[in-house]
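**Q** Here's a sequence, model it:
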Amino acid sequence: MLRRTKIVATLGPATDDLEVLTDMIRAGLDVVRLNASHGTVEDRRRRLAAARQAAHRADRCVGVLLDLGGPKIRIECFREGRVELAEGQAFTLDTALEPAAGTIDRVGVAYKELPRDVAAGDTLLLADGQIVLDVRSVGQTAIETRVRVGGALSDRKGLNRQGGGISAPAISERDREDIRFVAEEGVDYMAVSFARDAADIEQARSLVRGAGGDARVVAKVERHEAVDNLAGIIDASDVVMVARGDLGVEMGYAELTGLQKTIIHETRTRNRVVITATQMMESMIQNPVPTRAEVSDVANAVMDGTDAVMLSAETATGRYPVKAVEAMAQVIEGAEKYQLMHPRARQRSVEGVFKGTEEAIAMAVMYTANHMKVRAIVALTESGATPLWMSRIRSDIPVYAFTRHEATRRRVTLYRGVYPVIFDVTSSRSTDELYRALFTRLLELRLVDLHDLVILTKGEASGVQGGTNSMQILKVVLD
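**A** Got it, this is the predicted structure:
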């Protein structure tokens, strides 16, 4: 049984060794993530080149996702590197303070408009909610607070307003440089951090298309406003990421599990791809095995239907990046075996009117495949659209995206249950020649055996994007 749920892993100092990165890909890494919140454009260029080299060495197709930094609100730095805030003490956030002048009493803030976005009575959260500040008064540059929950606070920690309401735009000036990088390097996916509504996603898409890029756009749901505008954000995006770090801080951790399930369900219902992210195996930053709670967390996301699960610091800076990927793959496989034991969980009712021929064909294929002894589904595809539609229906039958386009092969690495295969449909001059080439390729890769049944989808005109209009049930023969 092939693992259907995909693994996204973040690159960083721990993956800079080419052997480590190659071993991660061999262990099951499907998509690499470049985090633009850290390092320089040149760092990202170097890591992207290494990822492509490692994928070649491992003989696997690997997608690339660049995560824009966005308007992450952060405090500045302390003179001594860190302070210990005590419960009940006064503490000032001052946008006019020098960046490295922080003390036990006050610290600078990188986002200069913060005083406009908060008011007396608000609650501010630092360091992923570990430190809680009650706002007492707001001046032109200074926000006076009292510490409700104290603790150690170090440089450049994130800051959130409980309940949302920070007005910083989703696309920062620094992001524009990274968008140009996405276009120049042919990156497959681009994630928009702290998106508030569909307009933020549309702006990002417009900017990357204007720069000459074809990256698919990922909306990170991590703001209160994004939850309020969820349907519009999903429809405007190609992929949605459940970014549980800041989302949990803004919405409250008690709501996080329910929100995750809702976002996964709504995203798949709207025929988009969904990634579940943040602290999935956090303990593996330091430890060689995950905790039982982390195993359950990953398994539940898989059984809820997420297309991919993501590793962040576990691989970027952790001690065991290869083991983290191996552990993630094992947990996914265990969860998917459970799904196969409960076939009702695999079905999805199809409602409403199909948006086009490709969707209609894809739905017919999956219904047929789930009710016949079919070994594989082969989709001759230019853009990857038909395999995407197929992947919205849960099934244990693999979908092979046969395509001549490298960009399409990389793109489908994120789709649940879809696997890329190099194949040039335009090289066959007749139907019989096409079938022989398809069957030969399937047998070479040991994806099927002789006399197995496969379902084939294709268009009348070979090599034409958006032309899928037929399905056929074929027996694998070479006569």
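
**Q** can you map out the strands along the stretch 201-350 of the chain?
**A** In the stretch 201-350 of the chain, the strands defined using DSSP state E, counting those that start in this stretch lie at 216-221, 239-243, 273-277, 308-311.

**Q** now residue 87: how far from residue 126?
**A** 14 Å (CB to CB, to the nearest Å). C-betas here are computed from N, CA, C, even on glycine.

**Q** Which one of those two is surrounded by more residues?
**A** More neighbours surround residue 126 than the other of residue 87 and residue 126, with 26 against 11 (other CB atoms under 10 Å).

**Q** show me the residues around that one that make contact.
**A** 75, 132-133, 153, 157-159 (CB atoms under 8 Å, 6 or more residues apart in numbering).

**Q** mind putting those residues in TSV, neighbour count, distance to residue 179 and pLDDT included?
**A** Output for those, formatted as TSV (neighbours: other CB atoms under 10 Å; distance: CB to CB, whole Å; pLDDT from 0 to 100):
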residue	neighbour count	distance to residue 179	pLDDT
75	24	26	96
132	19	35	97
133	24	34	98
153	21	32	96
157	17	26	92
158	17	22	91
159	22	25	95
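
**Q** Tell me the one of these nearest residue 205?
**A** residue 158 (26.0 Å; CB to CB).

**Q** Give me the phi and psi for that closest one.
**A** Main-chain dihedrals, residue 158, degrees, to the nearest 10: phi -70, psi 150.

**Q** before we move on, back to that, got the strands of the stretch 201-350 of the chain as CSV, with mean pLDDT and distance to residue 196 columns?
**A** Converted to CSV, the strands of the stretch 201-350 of the chain look like this (pLDDT from 0 to 100; distance: least, CB to CB, whole Å):
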stretch, mean pLDDT, distance to residue 196
strand 216-221, 98, 10
strand 239-243, 97, 13
strand 273-277, 98, 19
strand 308-311, 98, 22
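
**Q** With distance to residue 423 as extra columns, can I get these in JSON lines?
**A** Below are these laid out as JSON lines (distance: least, CB to CB, whole Å):
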{"stretch": "strand 216-221", "distance to residue 423": "22"}
{"stretch": "strand 239-243", "distance to residue 423": "25"}
{"stretch": "strand 273-277", "distance to residue 423": "23"}
{"stretch": "strand 308-311", "distance to residue 423": "24"}
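
**Q** top helix in this protein by residue count?
**A** Across the chain, the longest stretch assigned as helix under DSSP state H is helix 321-341.

**Q** Now do that helix: everything it contacts.
**A** Residues contacting helix 321-341 (CB under 8 Å, 6+ apart): 1, 3-5, 7, 9, 14-15, 20, 23-24, 27-29, 280-281, 284, 288-290, 295, 298-300, 302-303, 309, 311, 314-315, 318, 345-346, 394, 396.

**Q** Narrow those to those that are buried.
**A** Buried residues within those, counting neighbours by 16 or more other CB atoms under 10 Å: 3-5, 7, 9, 14-15, 23-24, 27-29, 280-281, 284, 290, 295, 298-299, 302, 309, 311, 314-315, 318, 346, 394, 396.

**Q** Now intersect these with the helices, please.
**A** Here DSSP H is the test, and the buried ones among the contacts of helix 321-341 give 23-24, 27, 295, 298-299, 302, 314-315 as lying in helices.

**Q** quick check, nearest of those to residue 238?
**A** residue 302 (21.0 Å).

**Q** which ones are touching that closest one?
**A** 5, 309, 331-332, 335-336, 339.

**Q** Let me have the residues you listed in TSV, extended by distance to residue 105.
**A** As requested, the contacts of residue 302 are exported to TSV (distance: CB to CB, whole Å):
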residue	distance to residue 105
5	48
309	42
331	46
332	48
335	49
336	53
339	54
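
**Q** Produce a ChimeraX select command limited to the buried residues of these.
**A** Selecting only the buried entries of the contacts of residue 302 in ChimeraX, with 16+ other CB under 10 Å as the criterion:
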select :5,309,331,332,335,336,339
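
**Q** Neighbours of residue 148, how many?
**A** 14.

**Q** Are we agreed that it is in a helix?
**A** No - read with DSSP: H, G, I helix; E, B strand; the rest coil, residue 148 is strand and lies in no helix.

**Q** ok, the residue nearest the centre of the chain - contacts?
**A** Geometric centre of the chain, nearest residue: residue 275, 4.1 Å, by CA atoms, centre = their mean. Going by CB under 8 Å, 6+ apart, residue 275 touches 8, 218, 239-242, 306-310, 414.

**Q** State the pLDDT value of residue 351.
**A** pLDDT for residue 351: 58.

**Q** Kindly report the same for residue 138.
**A** Taking residue 138 on its own, its pLDDT is 98.

**Q** Please name the bridge partners of it.
**A** Residue 138 has these beta-bridge partners by DSSP bridges: residue 143.

**Q** What distance do you get for it to residue 475?
**A** 73 Å.

**Q** do residue 113 as well
**A** 66 Å.

**Q** Which one's more surrounded, the two?
**A** With neighbours defined as other CB under 10 Å, residue 113 and residue 475 compare such that residue 113 has more, 13 against 10.

**Q** Can you give me the buried ones in the helix or strand where residue 46 lies?
**A** Applying DSSP states H and E as the criterion places residue 46 in helix 41-58. Buried residues in helix 41-58, counted by 16+ other CB under 10 Å: 43-44, 47-48, 50-52, 54-55, 58.

**Q** and residue 64, what element?
**A** For residue 64, the element it lies in under DSSP H and E is strand 63-67.

**Q** meant to ask about residue 96
**A** Going by DSSP H and E, residue 96 is not in any helix or strand.

**Q** How about the contacts made by it?
**A** 108, 141-142.

**Q** I'd like to check the angle between the strand holding residue 64 and strand 216-221, please.
**A** In terms of direction (axes from the mean of the first three to the mean of the last three CA atoms, to 10 degrees), strand 63-67 departs from strand 216-221 by 50 degrees.

**Q** I'd like the next helix or strand past strand 63-67.
**A** Next element after strand 63-67 (DSSP H and E): strand 82-85.

**Q** List the neighbouring strands of that following strand plus their orientation.
**A** Per DSSP bridges, strand 82-85 is paired in its sheet with strand 151-154 (antiparallel).

**Q** what's the very next helix or strand once past the strand it pairs with packed up against?
**A** The element immediately downstream of strand 151-154 (helix or strand, assigned by DSSP H and E) is strand 159-161. The contact analysis (3 or more CB pairs under 8 Å, 6 or more residues apart in numbering; DSSP states H and E) places strand 159-161 against strand 123-126, helix 244-251.

**Q** Make a markdown table out of the ones you listed and add mean pLDDT and distance to residue 423.
**A** Formatted as a markdown table, these follow (pLDDT from 0 to 100; distance: least, CB to CB, whole Å):
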| stretch | mean pLDDT | distance to residue 423 |
| --- | --- | --- |
| strand 123-126 | 96 | 51 |
| helix 244-251 | 91 | 38 |
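
**Q** Once you drop chain neighbours, what's closest to residue 38?
**A** The shortest distance from residue 38 to any non-neighbouring residue, by CB to CB, 6 or more residues apart in numbering, is to residue 12 (7.3 Å).

**Q** who are the neighbours in contact with the one you found?
**A** With CB under 8 Å, 6+ apart, residue 12 has these contacts: 35, 38, 313, 315-317.
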